[in-house]
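J.: This is the structure alone, sequence omitted:
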């Protein structure tokens, strides 16, 4: 699902359920391996592409329009594979990919297996739930033998683009939230959008990166919650509260109304 908003709304830009074989069908020839029929992984990435890329208005010297990716393709591919392979197949719930104006969320059914935690996963510890699926994808060349895709591929790719991310692990699901690339790392679709990014960057630098992200998010959606701000800024909820207290003290942010029914007001 993809939405032209910061939250789920009634009308989605795309809302589709994919089904089919997990891996593609390949042919081995003199020129190497070629894809004949796309599997679920390829179909998912192909369907997502229009919503996670930008195409410039101008052509280059080779008369081509080079697409810019709003999210690192290698990281999104690895996260998608992990969500499909390591999901809890005893739960009759689909893997959910949801895109918003400012982030992409991939949710895999089931808790982390075998006492695994987010901290252990980020440290590179391995604990596969579905060993047969891992072996199949390894034989087909989708994954390598190390089983350290999060630490070795995803995190470096996101950090290289200064993209914030957050993991959520509950008894029901495991979710990764990936922020959209900043204006400095993508091709801007319109001059107006570039100017907006520049103003946002100037404001972030004046108050600090985390506080700037909080201000930007509150200005876009005044009813945003503390957990949502933590996910967007890539910090803890306690850190969000400390930043908000600092912004309120400096008269940059104000809370209007109560905790449940109130909203944020950006003052400067």
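T.: Perfect, thanks for sending it. Just so it is clear, the structure is predicted and the values come from calculations on it, not from any experiment.
J.: Show me the residue sitting in the middle of this protein in space.
T.: Nearest to the mean C-alpha position of the chain, by CA atoms, centre = their mean, lies residue 178 at 2.5 Å.
J.: where does residue 244 land in three-state SS?
T.: helix (DSSP: H, G, I helix; E, B strand; the rest coil).
J.: For the chain, give me the ranges with low pLDDT.
T.: Per-residue confidence for the chain (pLDDT under 70) gives these ranges: 56-65, 145-147, 182-208, 268.
J.: For beta bridges, what are the partners of residue 264?
T.: residue 255 (DSSP bridges).
J.: Does it touch residue 222 like I think?
T.: Yes: if you go by CB atoms under 8 Å, residue 264 and residue 222 touch, sitting 4.9 Å apart. In short, each C-beta sits where N, CA and C put it, glycine included.
J.: of these two, who's got more company?
T.: Between residue 264 and residue 222, residue 264 has the larger neighbour count (other CB atoms under 10 Å), namely 22 against 14.
J.: what sits against that one?
T.: Residues near residue 264 by CB atoms under 8 Å, 6 or more residues apart in numbering: 218, 222-224, 253-256.
J.: Can you tell me which of those residues are buried?
T.: Buried subset of those (neighbour count, 16 or more other CB atoms under 10 Å): 218, 224, 253.
J.: closest to residue 44 among those residues?
T.: Residue 44 has its nearest neighbour among the buried ones among the contacts of residue 264 in residue 224, at 28.3 Å by CB to CB.
J.: one step back: closest one to residue 31 out of the buried ones among the contacts of residue 264, please.
T.: Taking CB to CB as the measure, residue 31 lies nearest residue 224 of the buried ones among the contacts of residue 264, at 51.1 Å.
J.: what about the nearest residue to the closest one once chain neighbours are set aside, how many neighbours?
T.: Once flanking residues are discounted, residue 224 sits nearest to residue 217: 5.4 Å by CB to CB, 6 or more residues apart in numbering. If you count neighbours by other CB under 10 Å, residue 217 ends up with 21.
J.: Following element in sequence after whichever strand or helix holds residue 217, please.
T.: Here residue 217 sits within helix 209-220, counting by DSSP states H and E. Sequence-wise, the next helix or strand downstream of helix 209-220 (DSSP H and E) is helix 226-233.
J.: Quick one: residues contacting the residue nearest to residue 224.
T.: For residue 217, the contact set (CB under 8 Å, 6+ apart) comprises 6, 102, 224, 228-229, 232-233.
J.: how much space between it and residue 74?
T.: From residue 217 across to residue 74, the span is 27 Å (CB to CB, to the nearest Å).
J.: Residue 176 now?
T.: 14 Å.
J.: and if you look at residue 4?
T.: Look at residue 4 and residue 74: by CB to CB, they are 26 Å apart.
J.: Test my guess that residue 175 contacts residue 104.
T.: No: using CB under 8 Å as the test, residue 175 is too far from residue 104 to be in contact (10.9 Å).
J.: So the two - more neighbours on which side?
T.: residue 104 (23 against 18).
J.: From residue 164, how far out is the closest residue in space to the more buried one that isn't next to it in sequence?
T.: Excluding the flanking residues, the one nearest residue 104 by CB to CB, 6+ apart is residue 178, at 4.8 Å. Applying CB to CB, the value for residue 178 to residue 164 is 8 Å.
J.: just so I have it, where are all the strands in the stretch 1-150 of the chain?
T.: Secondary structure of the stretch 1-150 of the chain (DSSP state E, counting those that start in this stretch): strands at 25-29, 32-37, 53-54, 68-69, 96-99, 103-109.
J.: Quick one: the ones you listed as TSV, columns for distance to residue 136 too.
T.: Below are those laid out as TSV (distance: least, CB to CB, whole Å):
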stretch	distance to residue 136
strand 25-29	13
strand 32-37	16
strand 53-54	29
strand 68-69	28
strand 96-99	21
strand 103-109	18
